[in-house]
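In: My questions concern the predicted model and sequence given below.
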Amino acid sequence: MAVTSDIVATYRGPGTVMSGLLAQGRNEVRVLMFALMAGLLIFVALSPYQARAAHLDPEGPLSVRQYWSAFFWIFLMPLLLYAFAAMVWVISRVAGQKLTGYAVRLTLVWSLLASAPILLLLGLALGFIGPGVQAQIVGAVWLAVFFWFWVSGLFAAQRG
């Protein structure tokens, strides 16, 4: 299935989609591609906020803000995701779970990618309204959806 179809299906049943992704076999290239796509979408989502911040504070030009934002979200964030997934895998092994490192990486990265549409809405809220209650509500919704996807994915991976 296409990635966009899988993202839409994740909102209906995250465990089912994760089971399908895990059933396709181990493919580290897919995990890395999902991480890069998620980073790119987050970079795009934060662009309106970066433009707003550059307009309100001309000391930091938009090009510099965009450069460092792209550097972080597209290049550094996948490395941090892999490190965080390794820590979660170690904790799961200590807790006696039978999760593989690949399953933890895939569930984490897929949860971030699948919840990216809500991050796009958050970026618009931050860009047009600015930091405030509205952005906090959208941020809380994104966080809840992300953890719902991730926990459902981990349960699906645990079931095998």
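Out: That came through, no problem. Residues are numbered from 1 along each chain as shown.

In: Quick check: closest non-adjacent residue to K98.
Out: Q158 (6.8 Å; C-beta to C-beta, 6 or more residues apart in numbering). Glycine gets a C-beta too; all of them are placed from N, C-alpha and C.

In: Next, count neighbours for that neighbour.
Out: 13 (other C-beta atoms under 10 Å).

In: which ones are touching it?
Out: Contact partners of Q158, counting by C-beta atoms under 8 Å, 6 or more residues apart in numbering, are Q97, K98, L99.

In: filter the residues you listed to the buried ones?
Out: L99 (16 or more other C-beta atoms under 10 Å).

In: and which of the contacts of Q158 is nearest L81?
Out: The shortest approach to L81 among the contacts of Q158 belongs to L99, at 15.9 Å (C-beta to C-beta).

In: List the contacts of the closest one.
Out: By C-beta under 8 Å, 6+ apart, the contact list for L99 reads W89, S92, R93, L154, A157, Q158.

In: Is it part of a helix or strand, or is it coil?
Out: Under DSSP: H, G, I helix; E, B strand; the rest coil, L99 falls in the coil class.

In: before we move on, what about the one 10 residues further on?
Out: Three states are possible here, and by three-state DSSP the one that applies to V109 is helix.

In: Helices along the chain, start to end?
Out: 3-12, 14-23, 28-56, 62-70, 77-94, 101-114, 116-128, 133-159 (DSSP state H).

In: so can I have CSV of those helices showing mean pLDDT?
Out: Below are the helices of the chain laid out as CSV (pLDDT from 0 to 100):
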stretch, mean pLDDT
helix 3-12, 90
helix 14-23, 90
helix 28-56, 91
helix 62-70, 89
helix 77-94, 93
helix 101-114, 94
helix 116-128, 92
helix 133-159, 93
